[in-house]
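>>> 3D, please:
(chains A and B)
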Amino acid sequence: AQSVTQLGSHVSVSEGALVLLRCNYSSSVPPYLFWYVQYPNQGLQLLLKYTSAATLVKGINGFEAEFKKSETSFHLTKPSAHMSDAAEYFCAVISGGTSYGKLTFGQGTILTVHP
Amino acid sequence: NAGVTQTPKFQVLKTGQSMTLQCAQDMNHNSMYWYRQDPGMGLRLIYYSASEGTTDKGEVPNGYNVSRLNKREFSLRLESAAPSQTSVYFCASSESRELTQPQHFGDGTRLSIL
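Predicted structure coming up:
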């Protein structure tokens, strides 16, 4: 069965510091992986997605994520945090070897950015 | 602005009452989804509709029914609300005709069952 685990329900960083949000997946076949962001009182927005074309994926707002098969990870990073990055972030996976199937979400990580 | 519109934004119900959550998209997308979001559990798929006239169960369909009224609209009905259905409900859409990741989400309906 496919699943995704986000390590750390809350992450706090200072403005200008590196953002690292961790996501590990379990899948017996190559997965399709996604990161979503949710701002307060809004729906989710797709940040980026991994579809096997390249292991380093660049998304919107300066975020990127690297697929590491050996570590079964898809961590989200941003070199320099902005106050506007404060939100909840969700990692998600579709397993089965194609981009079609049920999307399974992680539990979410709330990012707080301090001045 | 183009997107996914959900109504109402907030609702309080008593146990046993019924209610329909409305969702409409104006992007001519084929697939539409209903998710519920609970703290610490991410989003879970309730029902989806890959095309007009078809609906399928997701992972938590019990206690809910859906209707794909036309290509634009996909409603979620609670026939007899229970406190366990207190949640934030999101409608979403995607261009694909098959189950896949949603591209656009509505802003949610915050539902409390007393």
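>>> Run a quick neighbour tally on B:Val4.
The number of residues packed near B:Val4 is 24, by other Cβ atoms under 10 Å in any protein chain shown. (C-beta placed from N, C-alpha, C; glycine too.)
>>> was I right about it contacting B:Gly108?
No - B:Val4 is not in contact with B:Gly108 according to Cβ atoms under 8 Å; the separation is 10.1 Å.
>>> shared neighbours of those two, anything?
Shared contacts of B:Val4 and B:Gly108 (Cβ atoms under 8 Å, 6 or more residues apart in numbering or on different chains): A:Gly43.
>>> show me the contacts for B:Asn70.
Contacts of B:Asn70 (Cβ under 8 Å, 6+ apart): B:Glu52.
>>> Up against chain B, what does chain A have?
Residues of chain A that fall close to chain B, judged by Cβ under 8 Å from any Cβ of the partner chain: A:9, A:32, A:34, A:41-46, A:49, A:90, A:92, A:94, A:99-108.
>>> Show me the shaky parts of chain A.
A:1-2, A:97-98 (pLDDT under 70).
>>> The residue nearest the centre of it in helix, strand or coil?
Geometric centre of chain A, nearest residue: A:Trp35, 3.5 Å, by Cα atoms, centre = their mean. Three-state assignment for A:Trp35 (DSSP: H, G, I helix; E, B strand; the rest coil): strand.
>>> in stretch B:85-98, what's buried?
Across stretch B:85-98, burial judged by 16 or more other Cβ atoms under 10 Å in any protein chain shown covers B:Gln85, B:Thr86, B:Ser87, B:Val88, B:Tyr89, B:Phe90, B:Cys91, B:Ala92, B:Ser93, B:Ser94, B:Ser96.
>>> among the residues you listed, which are in strands?
Mapping those onto strands (DSSP state E) picks out B:Ser87, B:Val88, B:Tyr89, B:Phe90, B:Cys91, B:Ala92, B:Ser93, B:Ser94.
>>> which of these come close to chain A?
Checking those against chain A by Cβ under 8 Å from any Cβ, the ones in range are B:Phe90, B:Ala92.
>>> which residues does the residue nearest the centre of chain B bridge with?
Compute the mean C-alpha point of chain B, and by Cα atoms, centre = their mean the closest residue is B:Trp34, 2.8 Å away. On the basis of DSSP bridges, B:Trp34 is bridged to B:Tyr47, B:Cys91.
>>> hang on, it packs against B:Phe90?
Yes - B:Trp34 is within contact range of B:Phe90, at 7.4 Å (criterion: Cβ under 8 Å).
>>> Show me the strands in the chain, by range?
Unless you meant another one, I'm taking chain A. Assigned by DSSP E, chain A shows strands spanning A:3-7, A:10-14, A:19-26, A:32-38, A:44-50, A:56-58, A:64-68, A:73-78, A:87-94, A:104-105, A:109-114.
>>> was after chain B, sorry
Per DSSP E, chain B carries strands over the ranges B:4-7, B:10-13, B:19-25, B:31-37, B:43-49, B:56-57, B:64-68, B:74-78, B:87-94, B:104-105, B:109-113.
>>> Is chain A within reach of the last one?
No - for strand B:109-113 and chain A, the contact criterion (Cβ under 8 Å from any Cβ) is not met; the two come no nearer than 8.7 Å.
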